[in-house]
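**Q** sequence unavailable; structure follows:
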């Protein structure tokens, strides 16, 4: 509750947290808009495949040119300005950088970036949750071995959900379920980057104004990102995942305690202690009142008569039995909230969410009948969507993680709606991400 005061103190001491950012797209730009206002954080450098685009985004969010005019990282360290370039390796190895923010959105590349940062003794805040969904447990292990901190990114829904779960448990409550909201209809599973704005709720003109990536936003709409973020939540909070994927039960923020309870008690869960996603649309497409589409939530249990009486006395909104209650945030502010992670890691040496288990996995599911020879284009694309599965079952079945379903060629036909397996693809087995995934699968299988 005193991060701002601590950041201010670091600024007064002339010892700000020193940060490097890899990737200056939409999420990164939102962070750039806020870090400009925080003297306790010095953004030493930005590395992007297109430095020109990064500079354009700095202009877009209000940075004065002189603030990012440092000629080198050394110059940035001396002057307090920011250097913009394309050398991510130079950024993560520079002695003036203490915390690296991985913000590329490319899961395979992100793994290489983060491991290199760990090897150089840098803490990492990982915005590329796609990488965490299929390698979070392994990344946390590698960070621990290196003596650094690996953290999910506050502002993204997994870290915000983990915050609510931690609140509930620290209060002494048992967590029944936790997750996020989503605008969902079953037919959205087949959405592509060409159709995303027809369903999302904004015009193509608004999307272009905001420089929004249709493939990335389609990964939300087609269910991939909800699966990815639910896996991250499950693995960081130690929750279970549905055996056959997310159900997307329909309900608003005030309905959560009723719908997110065990099926034996009238809800949707297989059992207590699970992740799930609440749909803001009924199955016939009608909006749910007071929806939780952009928010996060936790459902917890009043496990004694005294606690349930307290719920009544203080007029807590509960399920119909009075046993379950919820706490929620209806909105998340994405990269605008990312300074919280930087501050938590740099000032308290605490992650804002980190995988402690490998409970959930996200597998590549065919969006249509796929033919041998086709190239998979990863989450949000035209070929596959992400499906949440229990990690042990996914690994035992040899399912291809969605994070590895980028630019790989199919060897076999795959029927619409079926998972893609390792045996179905010609993959590059030399990548760092592939090797680390295989190591993690061995650990999970051995448990």
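**A** That came through, no problem. Just so it is clear, the structure is predicted and the values come from calculations on it, not from any experiment.

**Q** ends of stretch 245-262, how far apart?
**A** Using C-alpha to C-alpha, to the nearest Å, one end of stretch 245-262 lies 16 Å from the other.

**Q** pLDDT of it, averaged?
**A** In this model, stretch 245-262 carries a mean pLDDT of 98.

**Q** ditto for stretch 226-241
**A** Confidence for stretch 226-241, expressed as mean pLDDT, is 98.

**Q** what's the spacing between that stretch and its chain's center?
**A** On the basis of C-alpha atoms, centre = their mean, to the nearest Å, stretch 226-241 sits 10 Å off its chain's mean C-alpha point.

**Q** what comes up buried for it?
**A** Buried positions in stretch 226-241, judged by neighbour count with 16 or more other C-beta atoms under 10 Å: 226-237, 239-241. Just so you know, the C-beta spots here come from the backbone N, C-alpha and C atoms, and that holds for glycine as well.

**Q** residue 43 versus residue 75, what's the distance?
**A** Distance of residue 75 to residue 43, computed by C-beta to C-beta, to the nearest Å: 14 Å.

**Q** looking at the two, which is more packed in?
**A** Taking residue 75 and residue 43 together and counting by other C-beta atoms under 10 Å, residue 43 has the greater number of neighbours (29 against 13).

**Q** that's a strand at that one, yeah?
**A** Yes: under DSSP: H, G, I helix; E, B strand; the rest coil, residue 43 sits within a strand.

**Q** hey, what's it bridged with?
**A** Residue 43 has these beta-bridge partners by DSSP bridges: residue 19.

**Q** and it, what is it in contact with?
**A** Contact analysis of residue 43 by C-beta atoms under 8 Å, 6 or more residues apart in numbering lists 19-21, 32, 35, 82.

**Q** mind doing that once more with 7 Å?
**A** The neighbours of residue 43, taking C-beta atoms under 7 Å, 6 or more residues apart in numbering as the test, are 19, 21, 35, 82.

**Q** tell me the secondary structure of residue 179, please.
**A** Taken by three-state DSSP, the conformation at residue 179 corresponds to strand.

**Q** next, count neighbours for it.
**A** Residues near residue 179, counting by other C-beta under 10 Å, number 30.

**Q** shouldn't residue 295 be in contact with residue 331?
**A** Yes: the criterion here is C-beta atoms under 7 Å, and residue 295 meets it with residue 331 at 5.7 Å.

**Q** pick out whichever of those two has more residues nearby.
**A** Between residue 295 and residue 331, residue 295 has the larger neighbour count (other C-beta under 10 Å), namely 19 against 12.

**Q** what sits closest to the more buried one if chain neighbours are left out?
**A** In space, and not counting its chain neighbours, residue 295 is closest to residue 330: 4.2 Å by C-beta to C-beta, 6 or more residues apart in numbering.

**Q** please name the residues that touch the one you found.
**A** By C-beta under 7 Å, 6+ apart, the contact set of residue 330 is 253, 292, 294-295.

**Q** report the secondary structure state of residue 345.
**A** Here residue 345 is helix, with the state taken from three-state DSSP.

**Q** all the strands of the stretch 151-300 of the chain, residue numbers only.
**A** Here the stretch 151-300 of the chain has its strands, by DSSP state E, counting those that start in this stretch, at 174-182, 274-279, 296-301.

**Q** tell me what the longest one is packed against?
**A** Where contact means 3 or more C-beta pairs under 7 Å, 6 or more residues apart in numbering; DSSP states H and E, strand 174-182 is packed against helix 157-170, helix 224-237, strand 274-279, strand 296-301.

**Q** do you know how far residue 115 is from residue 350?
**A** Remark: distance between residue 115 and residue 350 (C-beta to C-beta) = 21 Å.

**Q** same question, residue 79
**A** The spacing between residue 79 and residue 350, counted by C-beta to C-beta, is 30 Å.

**Q** need the helices and strands packed on strand 174-182 in a markdown table with distance to residue 211, can you?
**A** Below are the helices and strands packed on strand 174-182 laid out as a markdown table (distance: least, C-beta to C-beta, whole Å):
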| stretch | distance to residue 211 |
| --- | --- |
| helix 157-170 | 21 |
| helix 224-237 | 18 |
| strand 274-279 | 27 |
| strand 296-301 | 25 |
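
**Q** who touches stretch 240-253?
**A** Contacting residues not belonging to stretch 240-253 are listed as 182, 184, 226-227, 230-231, 234, 259, 268, 270, 273-279, 282-283, 288-292, 295, 328, 330, 359-360, 387-390 [C-beta under 7 Å, 6+ apart].

**Q** quick one on the thing from earlier: top of the contacts of residue 330 by neighbour count?
**A** The most crowded member of these, judged by other C-beta under 10 Å, is residue 292 (27 neighbours).

**Q** that residue is in contact with residue 181, isn't it?
**A** Yes: using C-beta under 7 Å, residue 292 is in contact with residue 181, at 3.5 Å.
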